[in-house]
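Visitor: Using only what follows, build the 3D model:
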Amino acid sequence: MTLKLRRRWLVETATSALSSLTVQLFGLLFAVIAVAFGVYALISIETTGENCQRTIHECVERFSNLIQRSTHYGMLLNRKEDVHEIIRAIAAEPGIEGVRVYDKQGVIIFSARPSDIGHQVDLQAEACVSCHDSDTPLVSVPVDSRARIFQGPTGDRVLGLINPIENSPECYNAACHAHSPDQNVLGVLDVTMSMAQADRRLATVKRQTMVAAGVITLLAGLLSAAFILWMVRRPVKQLIAGAEQVADGNLATEITVHNRNEVGQLAVAFNNMTRDLRSAQQELTNWSDRLEVKLQEKTEELSRTQRQVAHMDKMASLGKLATTVAHELNNPLAGILNYAKLVERKLAEESSLPDSAELGRYLSLIQKEASRTGKIVRGLLAFARPSGAAMTLNSLNRIIERSIMLVNHHIEMAEIQLDSEPIEDDDRVLCDSDQLQQAMVALLVNAVEAMPNGGTLRISGRGSEDSIQLSVADTGLGIPEDAIPHIFEPFFSSKEHGTGVGLGLAVVYGIVRHHSGEIEVDSAVDRGTTVRITLPRNPTRNKRAADTASSNPSP
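Guide: Residues are numbered from 1 along each chain as shown. Purely as a prediction, here's the structure:
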């Protein structure tokens, strides 16, 4: 019960944390969006106001230049009434607060309001101080410095711009003017324009910008909330529900992966975790069965190893026995053969003796059997103590060819199809070529004798960096399964009684072991036999390594 309560507490705590995380994430994201759009709105309003004011400045400047060009011709002809009419007509346009022309002493000589003509303006006023308090010529003062903004009688802002009237050649060369060519500025054109309409439009733009920023912020917040609920809260709640089910023991729980982002990767990791838990649970469930199987396999492997050790001990004992028997039999057999030949020669000299022909036949049989027994003895010696001929580098393909030539007549007589595949690349091995040829001939003869009704004899080989494997396969009678463990024992034969002495494979085994090689037989009754021999390319090096390992046993 305590465990259940703890699990429920963990789930409730996780749910509370999820809600808190959702609110915090939404609050943070909404605050960032609100601040971002607020700053954007302020910057946009400020930029819009500056652009609007700059546009008004440019309009007033162009308007002032238009007035100058409109009154220029009238001033050249000294038509003051025409200039007055032009100024009054232009000043009557909506938004124009006033148009005045000063001379250099600040006396108003033209104005849209006739009452202003003849009055002198204050040279320290805002419109004049920028030029009269500076050594910079008026024509060189920037337009922004010539402009001024002040509050009009109605409370609206008014923009004023001072534009110098320069002394051009048309002026100081005219007959009606007495201006010196050295005088650069003849007077000043002062234009004032109301900014009420522009301020109202700018205020409207500000309100619209703020409202748009608020609406966009609200929409962005709603979209952010939907995104958080769909992309964060929903998958995290699924993870919590899945964790609760796993805590209850339902390891088959899997979460649907909707995307490949971090949350999706978390869902994939959760699914992998549940699959691993299921696998671990299944492995624990089947552990006892697998342990029993492994124990049985190890027992069988140990039994095979024990049989191999016993076979090696038996072969060693048989080798010692064969050496002793061979030495003990070799001399008597030689004496029997020599005396049989001597008696045969004496019998040939005394041909008048009765039954001489019958005695001669008996003597021939004695010699034949003594020779056969001698071959058996030599086979025993070859099995027990292979000759210590020097190892030389030889081509296995050439040894196989010579062996095939020796038994080719038997192969053809038995109507056997020979399929010989030479070793590719490097076929050289350090060996006693006579011994290997003897072993190959023995294997080929056994294969031919195993196919009395014909068949296929296949010889193949393949090499590696350290060894070469030879394979002799036939499609003959095969060897019974119970006889395979004994085929390398001397005098054991699976052939019919009287057709073999059982030393062929024993001699082959001794030769292969003398070359530090391995031999294995794969056979089945009526399916043929395959003998595989693996020879190291340098048997002396393998023997030295084995001797070193035996002299330095592991602790």
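Visitor: got any ranges where the stretch 1-150 of the chain has weak pLDDT?
Guide: Within the stretch 1-150 of the chain, the ranges that satisfy pLDDT under 70 run 1-22, 122-145.
Visitor: can you map out the helices along it?
Guide: According to DSSP state H, counting those that start in this stretch, the stretch 1-150 of the chain carries its helices in the segments 2-76, 80-91, 129-132, 143-146.
Visitor: Ala506 is nearest to which of the ones you listed?
Guide: With CB to CB, the closest approach to Ala506 among the helices of the stretch 1-150 of the chain belongs to helix 2-76: 71.2 Å. Yep, even glycine has a C-beta here, placed from its N, CA and C like the rest.
Visitor: Can you list the buried residues in stretch 440-460?
Guide: 440-451, 455, 457-460 (16 or more other CB atoms under 10 Å).
Visitor: which other residues reach that stretch?
Guide: With contact meaning CB atoms under 8 Å, 6 or more residues apart in numbering, stretch 440-460 is reached by 399-400, 403-404, 406-407, 410-411, 414-421, 470-478, 495, 499-500, 504-505, 507-508, 528-529, 531.
Visitor: any chance of the helices of the stretch 1-150 of the chain in CSV, with mean neighbour count too?
Guide: As requested, the helices of the stretch 1-150 of the chain are exported to CSV (neighbours: other CB atoms under 10 Å):
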stretch, mean neighbour count
helix 2-76, 14
helix 80-91, 16
helix 129-132, 15
helix 143-146, 15
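Visitor: In JSON lines: those helices, plus distance to Thr299.
Guide: As requested, the helices of the stretch 1-150 of the chain are exported to JSON lines (distance: least, CB to CB, whole Å):
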{"stretch": "helix 2-76", "distance to Thr299": "42"}
{"stretch": "helix 80-91", "distance to Thr299": "120"}
{"stretch": "helix 129-132", "distance to Thr299": "113"}
{"stretch": "helix 143-146", "distance to Thr299": "104"}
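Visitor: nearest to Ala340, of the ones you listed?
Guide: Among the helices of the stretch 1-150 of the chain, helix 2-76 sits nearest to Ala340 (CB to CB), with 98.9 Å.
Visitor: Can you spell out which helices and strands pack onto that closest one?
Guide: helix 80-91, helix 143-146, strand 157-166, helix 169-172, strand 185-194, helix 196-228, helix 234-247 (3 or more CB pairs under 8 Å, 6 or more residues apart in numbering; DSSP states H and E).
Visitor: if I pick Ser70, what's in contact with it?
Guide: Neighbouring residues of Ser70 by CB under 8 Å, 6+ apart: 86, 90.
Visitor: For Ser194, see how far away it is.
Guide: 21 Å (CB to CB, to the nearest Å).
Visitor: Next: Thr392.
Guide: Separation of Thr392 from Ser194 (CB to CB): 122 Å.
Visitor: Likewise for Ile255?
Guide: 69 Å.
Visitor: again, but for Val185
Guide: 27 Å.
Visitor: Looking at the two, which one has more neighbours?
Guide: Set Val185 next to Ser194 and count neighbours by other CB atoms under 10 Å: Ser194 wins out with 18 against 15.
Visitor: residues contacting the more buried one?
Guide: Per CB under 8 Å, 6+ apart, neighbours of Ser194: 95-97, 152, 156-159.
Visitor: Kindly recompute the last result at 6 Å.
Guide: 95, 97, 156, 158 (CB atoms under 6 Å, 6 or more residues apart in numbering).
Visitor: Dump those to a markdown table, plus distance to Leu363 and neighbour count.
Guide: Listed next are the contacts of Ser194 as a markdown table, based on distance: CB to CB, whole Å; neighbours: other CB atoms under 10 Å:
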| residue | distance to Leu363 | neighbour count |
| --- | --- | --- |
| Gly95 | 158 | 15 |
| Glu97 | 163 | 18 |
| Asp156 | 158 | 15 |
| Val158 | 159 | 19 |
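Visitor: Nothing else from me, thank you.
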